[in-house]
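A.B. asks: Got a sequence here, can you build the structure:
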Amino acid sequence: MTAAIAPPEASRDDTVLDISGLVRHFTGPAGTVRAVDGVSLSIGRGEIVGLVGESGSGKSTVGRCAVRLDRPTAGSVTINGRDVTRLSKRALRPLRKDFHLVFQDPSSSLDPRMTVGAIVAQPLRLHRLASGDALRDRVATLLAQVGLRPELARRRPHELSGGQRQRVSIARALSVDPQLLVADEPTSALDVSVQASVLNLLVDLQRERHFGCLFITHDLAAVEYLADRIAVMYLGQLVEQAPAAELFADPKHPYTQALLSAAPVPNPAAQRSRARIVLSGELPSPLDPPGGCRFHTRCPLAVDRCRTEPPALRRLAEGGGRQVSCHLVADDGTAPDAAAPCPVTINRP
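C.D. replies: A predicted model of the protein is given here:
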């Protein structure tokens, strides 16, 4: 397991989420799935941190552990200075208004038997924050804030479009003014035509309410548009963290370079002339992850050390808080020539 280091990006007084050495394993008949293996990550108040990586890298498991829908196998999760890692469901209940999750598929996360108004009002009722006319007014305000007409409160989820359902999910999540929002691929189930409007809504609400946000996605255009800082995940571990602009301009880890080189750019001529890093093989199984660096089985630059010694996620001396887990990246940020940075500008929503 890669040694975890304390995430230093957000000051402790201003940190809404602090994940340290997070481990989540699932044991079944086929063996133990090492979904998350030593992840450390922090999010400051008013900050959006993007978590990216291939399907199966463990992104969603990190998000579920962050809001305690999954109990970590090891490590800690601290929200607003309070360690919630081992709290019982009863002890967690009054704290849940401080953190919420927006699920990937609004069709399955909204109760089809409830009206939209009842869905948005439910957290307010459970936490006894409003009732009667005040509750109805609050629901109408929330619907307006996410761009929905007040009369939609009487409808049920199946009567709405996919974009409208996701807006209802966001309104429900924000109804109790949480300080942390975890958005797990919130646009992946939506038509391309409505994805941009939902992303713009999240940006506007985050700027207005100043909550911290963990934005989980495989959509690099979305994360470039939204995130202040990006963490890149591969097979249960973080391989790179950096401010968004720095990571897109100069990716250091070979996996990050490959990930960004695969993203299309809007200029056809530039797209045809771009150098691509093509990875060989499939993502290894988390049931039996490779020894040494977990990326070495697909890395075009791997050396003997990569196959035997797990690299630590370490801070580079170049400043900006960049962290990289790679033996081949020097402390000053110099990457090997064969993995030279491939600056990417992705078409923003």
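A.B. asks: how near is the nearest residue to Arg154 once chain neighbours are set aside to Val203?
C.D. replies: Using Cβ to Cβ, 6 or more residues apart in numbering and skipping residues adjacent in sequence, the residue nearest Arg154 is Thr115, 5.8 Å away. Using the backbone N, CA and C atoms, a C-beta is placed for each residue, glycine as well. When distance is defined by Cβ to Cβ, to the nearest Å, Thr115 is 28 Å away from Val203.
A.B. asks: which residues sit against the helix or strand containing Gly63?
C.D. replies: Element membership of Gly63, judged by DSSP states H and E, is helix 59-66. If you take Cβ atoms under 8 Å, 6 or more residues apart in numbering as the criterion, helix 59-66 is touched by 17, 19, 22, 24, 35-36, 39, 41, 51-53, 70-72, 77, 99, 101, 104, 180, 182, 184-185, 214, 216, 218, 233.
A.B. asks: Swap in 7 Å and give it another go.
C.D. replies: Helix 59-66 is contacted from outside by 17, 19, 22, 24, 35-36, 39, 51, 53, 70, 72, 77, 101, 182, 184, 214, 216, 233, using Cβ atoms under 7 Å, 6 or more residues apart in numbering.
A.B. asks: The helix or strand just after that helix packs against which elements?
C.D. replies: The element immediately downstream of helix 59-66 (helix or strand, assigned by DSSP H and E) is strand 74-79. Other helices and strands packing on strand 74-79, by 3 or more Cβ pairs under 7 Å, 6 or more residues apart in numbering; DSSP states H and E, are strand 15-28.
A.B. asks: Who does the strand it packs on pair with, and is each partner parallel or antiparallel?
C.D. replies: With DSSP bridges as the test, strand 15-28 is paired with strand 31-44 (antiparallel), strand 74-79 (antiparallel).
A.B. asks: Let me see the mean pLDDT of the first one.
C.D. replies: What it means is strand 31-44. Average pLDDT, strand 31-44: 96.
A.B. asks: Would you mark the buried spots in it?
C.D. replies: Residues of strand 31-44 classed as buried by neighbour count (16 or more other Cβ atoms under 10 Å): 33-44.
A.B. asks: Stretch 81-95 spans what distance, first to last residue?
C.D. replies: One end of stretch 81-95 to the other measures 12 Å (Cα to Cα, to the nearest Å).
A.B. asks: what does it contact?
C.D. replies: 68, 72, 76-77.
A.B. asks: and if you look at stretch 41-52?
C.D. replies: With Cβ under 7 Å, 6+ apart as the criterion, stretch 41-52 contacts 7, 9-10, 14-19, 59, 62, 179, 206, 210, 212-218, 220, 223, 226-233, 244.
A.B. asks: If we use 6 Å, what do you get?
C.D. replies: Residues from elsewhere that reach stretch 41-52 (Cβ atoms under 6 Å, 6 or more residues apart in numbering): 7, 9-10, 14-19, 59, 210, 212-216, 223, 226-232.
A.B. asks: quick one: that stretch to chain centroid distance?
C.D. replies: Centre-to-centre, stretch 41-52 and its host chain are 8 Å apart (Cα atoms, centre = their mean, to the nearest Å).
A.B. asks: now swap in stretch 27-35 and tell me
C.D. replies: The answer for stretch 27-35 is 23 Å, by Cα atoms, centre = their mean.
A.B. asks: From one end of it to the other, what's the distance?
C.D. replies: From its first residue to its last, stretch 27-35 covers 10 Å (Cα to Cα).
A.B. asks: One more: stretch 144-163?
C.D. replies: Start-to-end, stretch 144-163 (Cα to Cα) is 15 Å.
A.B. asks: what's the answer for stretch 277-297, then?
C.D. replies: 15 Å.
A.B. asks: Likewise for stretch 308-325?
C.D. replies: So stretch 308-325: terminal residues 14 Å apart, Cα to Cα.
A.B. asks: just stretch 305-314 next, same as before
C.D. replies: With Cα to Cα, one end of stretch 305-314 sits 17 Å from the other.
A.B. asks: helices and strands of this protein: which one has the lowest mean pLDDT?
C.D. replies: One helix or strand of the chain scores below all others by mean pLDDT, DSSP states H and E: helix 268-273, with a mean of 57.
A.B. asks: now for the helix or strand following it, which elements pack on it?
C.D. replies: For helix 268-273, the following helix or strand on the C-terminal side (DSSP H and E) is helix 304-308. Here helix 304-308 touches no other helix or strand, going by 3 or more Cβ pairs under 6 Å, 6 or more residues apart in numbering; DSSP states H and E.
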